[in-house]
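> here you go, sequence then predicted model.
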Amino acid sequence: MAAADTPLLILNAPLVATRLGYPDLSGLDLLELYAFVHPARFMVPTPKGLAHALGLPEPHNDDAVPALLQSAAGVLLETCASAEWAEREGAWSALQSLTRMRWPWAAQLSGSIARPDRSERWLFSKLPEWSESAEQPQPAQVVLDEHDVLERLDQLAGAGAEKRPGQRGYAVDAARVFSPRCRERVPHMVLAQAGTGIGKTLGYLAPASLWAMASGGTVWVSTYTKALQRQLRRESRRAWPETRPDGSRPVVVRKGRENYLCLLNLEDALQGGFGGRAAILAQLVARWAAYSQDGDMIGGDLPGWLGTLFRQRGIAALTDRRGECIYAGCPHYRKCFIERAARASAQADLVIANHALVMVNAARGRDAAQQPTRIVFDEGHHVFEAADSTFSAALSGSETIELRRWVIGPERNSRGRRRGLSARLADVGSYDEAGAKAIAAARHAAEALPGDGWLQRLNDGVPYGPLEELLSAVRALTYARDESGGQEAGYGLETEAAQLDGAFVELAQAAQGALAELRQPLIRLGVRLETLLEEPPDWLDGQGRARIEGARHALAWRVDLIAAWEALLDRLGGPADPEFVDWLAVDRAEAREFDVGIHRRWLDPMKPFANAVLAPAHGVVMTSATLRDGDDWDPAMARSGAAHIEVKPHLCAFDSPFDYSTQAEVLIVTDIRKGDIPALAAAYARLIEAAGGGALGLFTAIRRLRAVHGRIADRLARAGLPLFAQHVDPIDTGTLVDIFRDDPRASLLGTDALRDGVDVPGHSLRLVVMEQVPWPRPSILHRARRLAGGGSAYDDRIIRARLAQAFGRLIRSREDHGHFVVLSSAFPSRLLSAFPPGTAITRLTLEEALHRVTGSVSGLPATSENDS
């Protein structure tokens, strides 16, 4: 009632609302004010984090938080009135817009921000433009001397740093991949297992920086997690300055297009495309864009908590997630964050990217000259699953409706700037008759694709068009073959694409024909665009050429996509292709259907990966702390793709320098019965209480995570032990980890995303609890790979890798100590080799485990060593 009647000072309104069970909570949220006053500045969104960001005393308990919030608001408002405010530019103009939107903070700010003497420049006029540069020559052919590599490593480590034998050996082995290639399609390749604490980041940056300086070439380092990308950016400062004398950057972070702010989408949002609270978000994002280093919205300098304050997918709507970029046709093309990053990477010494981007760039990159030739795949144990996702095909409702919108344009009554082919290529259509006919034919053929409301029509049994009729049959057959007995209610269903009756095959053939009718005019249009570029008309200037080049690239991508769908449908009426696994699926979440489709994956996705990524490369390192299975290199070799291009990698392994026998203990609790949620929740609560917080709880099912959180969160909060959880708290994963790292008494529950890439050294993480053995989900795809990979031995390799990755979260420095607890009454002994040699492993009851955890709790913080 108080919240409804009075505007309250709040820190993170959605989180407070979730805890109170009051979804409409609103007020004066200090996070929104901070985002306005200090855009692009990092802050942990907690009272302690707010105090640190503003230089205020840390609150000693919860009772001191209200006074802190008042002090923080005062400091922020005083900052706006100060002549020293670094982010004043653009604030007055933004405030005028926010006042019209009735932003709660507008009235308080109006007295603190004076009208500037001169009109403020609009965001789109003050952003810097990127410029074209000369094409880089081929790298010089150099061979790195071992002595030079080790000397470079010593320079990066710093004077007085310990010389670690494992790190030095690792650096020498990594240098192998920078030697000149002797045969086409046969790169130098190193598989390197580097235990936690080796310091592998500097181990490969030493030869990489040495080679880049000597050859003039570019090295790409690819990661799976954004956390490691941030760490690499920090570590790279040891080897390269922030900028060169000419102002260019030697180190560039590259991500997929969907991570960057799209300026055209932002302009649309600012000019009425967004309404209500989303319009306020657009204004705050515009403030951030003026001060952002690179426009990276996902894991960059945009606060991860900003989007979650508005309870909508506003952040996603401001990026290019649908492949609708119009390239040089965009009025902001010369200021585009994405284009700037792409051009900067061509001139860089080091490009930090992710596995998916490297693979997509190799498979369908616009510029072959910019494809990486020297690549380090850190977190190399994830290359297989990244390739599995990249080289897949899915003919689904969500995918086909996106294609329809790309060709035809938005449906009636839709808001936003989306345009169809005819609008994007209007000048081509008016000049070239054959091109105009191809556009018209494509638009007509796209009418056969699912449109708005397709899922409701499927539920009502009234599909429209050949594609919707096929999806309706997929949905019906998947439900008909479901054998879960309702036990999987709320979760996705799937069935093999096998033993399909004649009626289903006929629907598939009709859909295949409809797709072919769309693909043909798109091919003809691509040919006409190519002709225009070869014989350009007088009106086609440089910007127009770039726009048509972009359109050609987008067309080629869609043509390939449709061809993959046709191949998938063609197989449904005949024998299975042994290289692929096909299945039908109904995707659901929270008991709600959100997609229906037919899926195809490679049985071994490393085959297309080897041809697209490895073969064109000259040198590749794959490295991880969990690359091999124990002492067995065969699984790592199979998951490297080397066999598909007949490369024999150099294999090397370096054990962790940590003393696991004294720093860690594995406790297997045997008296928690599987499926007993009350007992499971009680075990988590008591273990967290025994450790005094600092616990990372890992779950294999979101349903059980939520059930446990709901039973224990209040109990722990009353004991002064904050509990946060993925899929419960309205906070992104990166921010959750920041909060967890910042508070030694906090605990965090999560799923697979927290099993990797979480680097929390010191006292903030002293206990890892797994709810059970992480068995693989028995999907159709897993069953096929299990059959091809050795049956139960294949499962065991996956489980040991997951256990090793989870255990790796616990000990991150020589000073770390902790317990790794598995709540499993039946933990097979054959899986124990997942843990490092020398680690104490004990099977015991919960009471005994609690005694051990309580007895070892120490309040000494630790500092992290250089490692990844």
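It's in. Residues are numbered from 1 along each chain as shown.
> so Leu767 touches Tyr684, yeah?
No. With contact defined as CB atoms under 8 Å, Leu767 does not count as touching Tyr684 (10.3 Å). Quick note: C-beta positions are derived from backbone N, CA and C, even for glycine.
> find residues that contact each of the two.
Both Leu767 and Tyr684 are contacted by Ala695, under the criterion CB atoms under 8 Å, 6 or more residues apart in numbering.
> roughly how far apart are the closest residue to Gly734 other than its chain neighbours and Ala341?
Once flanking residues are discounted, Gly734 sits nearest to Gly304: 4.7 Å by CB to CB, 6 or more residues apart in numbering. With distances taken as CB to CB, to the nearest Å, Gly304 is found 19 Å from Ala341.
> what do you get for Leu8?
Counting by CB to CB, the separation of Leu8 from Ala341 is 41 Å.
> Leu687 too?
For Leu687, the distance to Ala341 equals 44 Å [CB to CB].
> which one's more surrounded, Leu8 and Ala341?
A count of neighbours by other CB atoms under 10 Å puts Ala341 above the other of Leu8 and Ala341, at 23 against 17.
> so what's the backbone phi/psi at the more buried one?
Torsion angles at Ala341 (phi, psi; degrees, to the nearest 10) stand at phi -70, psi -40.
> for it, give me its contacts.
Taking CB under 8 Å, 6+ apart as the test, what Ala341 contacts is 252-255, 260, 294-295.
> mind listing which of the residues you listed are in helices?
Using DSSP state H, no member of those sits in helices.
> of the residues you listed, which is the nearest to Val586?
Lys255 (31.3 Å; CB to CB).
> residues near that closest one, how many?
Residues near Lys255, counting by other CB under 10 Å, number 22.
> go on, the one 10 residues further on?
Here the number of neighbours of Asn265 (other CB under 10 Å) works out to 24.
> for my notes, confirm it occurs in a helix.
Yes. Using DSSP: H, G, I helix; E, B strand; the rest coil, the secondary structure at Asn265 is a helix.
> and Gly160, helix, strand or coil?
coil.
> where does it land on pLDDT?
We note a pLDDT of 87 for Gly160 in this prediction.
> distance check, it against Asp154.
As judged by CB to CB, Gly160 and Asp154 stand 10 Å apart.
> likewise for Val853?
According to CB to CB, Val853 and Asp154 sit 41 Å apart.
> likewise Leu455?
Taking CB to CB as the measure, Leu455 falls 61 Å from Asp154.
> looking at these two, which is more packed in?
Counted by other CB under 10 Å, Leu455 and Asp154 do not tie: Leu455 has more neighbours, with 20 against 14.
> tell me who's in contact with the more buried one.
When the contact criterion is CB under 8 Å, 6+ apart, the partners of Leu455 are 397, 593-596.
> for the worst-scoring helix or strand of the chain on mean pLDDT, the distance to its chain's centre please.
The weakest-scoring helix or strand in the chain, judged by mean pLDDT, DSSP states H and E, is helix 2-5 (a mean of 73). Taking CA atoms, centre = their mean, to the nearest Å, the mean C-alpha location of helix 2-5 is offset from the chain mean by 38 Å.
> which parts of that helix are buried?
Using 16 or more other CB atoms under 10 Å as the test for burial, helix 2-5 gives Ala3.
> got it, and stretch 236-255?
Buried, per 16+ other CB under 10 Å, within stretch 236-255: 236, 238-240, 249-255.
> what's the first-to-last distance across stretch 264-273?
Start and end residues of stretch 264-273 are separated by 11 Å (CA to CA, to the nearest Å).
> can you list contacts of that stretch?
Applying CB under 8 Å, 6+ apart, the contact partners of stretch 264-273 are 97, 123-124, 278-279, 282-283, 285-286, 289, 314, 317-320, 326, 330-332, 415-417.
> got a quick PyMOL command for the buried subset of these?
Here is the PyMOL command that selects the buried residues among the contacts of stretch 264-273 (16+ other CB under 10 Å):
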select buried, resi 97+123+124+278+279+282+283+285+286+289+314+317+318+319+320+326+330+332
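> out of the contacts of stretch 264-273, which are inside helices?
The helices, defined by DSSP H, take in 97, 123-124, 278-279, 282-283, 285-286, 289, 314, 317 from the contacts of stretch 264-273.
> tell me the one of these nearest Ala53?
When those are compared against Ala53 (criterion: CB to CB), the nearest one is Val285, at 19.6 Å.
> so which helix or strand takes in the closest residue to Pro23 other than its chain neighbours?
Nearest in space to Pro23, with sequence neighbours left out and distances taken as CB to CB, 6+ apart, is Ala17 at 5.6 Å. If you go by DSSP states H and E, Ala17 is part of helix 13-20.
> after that helix comes which helix or strand?
From helix 13-20 onward toward the C-terminus, using DSSP H and E, the following helix or strand is strand 28-29.
> state the mean pLDDT of that next one.
Strand 28-29 shows an average pLDDT of 95 in the prediction.
> when you give positions from now on, start the count at 3
Sure, I'll start counting at 3 from here, so that last one is strand 30-31.
> tell me the angle the helix or strand following it makes with helix 15-22.
Sequence order places helix 32-39 as the next helix or strand after strand 30-31, per DSSP H and E. With axes from the mean of the first three to the mean of the last three CA atoms, to 10 degrees defining the directions, helix 32-39 sits at 170 degrees from helix 15-22.
> ok now helix 32-39, how far from the chain's centre?
The chain centre lies 25 Å from the centre of helix 32-39; the measure is CA atoms, centre = their mean.
> for it, packing partners?
Contacts defined by 3 or more CB pairs under 8 Å, 6 or more residues apart in numbering; DSSP states H and E place helix 32-39 against helix 49-56, helix 67-83, helix 93-102, helix 279-291.
> any buried residues in the third one, and which?
Applying a neighbour-count criterion of 16+ other CB under 10 Å, one finds 93-97, 99-100 buried in helix 93-102.
> could you export those as a markdown table, including distance to Asp797 and pLDDT?
Below are the buried residues of helix 93-102 laid out as a markdown table (distance: CB to CB, whole Å; pLDDT from 0 to 100):
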| residue | distance to Asp797 | pLDDT |
| --- | --- | --- |
| Ala93 | 57 | 97 |
| Trp94 | 62 | 97 |
| Ser95 | 60 | 96 |
| Ala96 | 55 | 97 |
| Leu97 | 59 | 98 |
| Ser99 | 57 | 97 |
| Leu100 | 55 | 98 |
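> perfect, that will be all.
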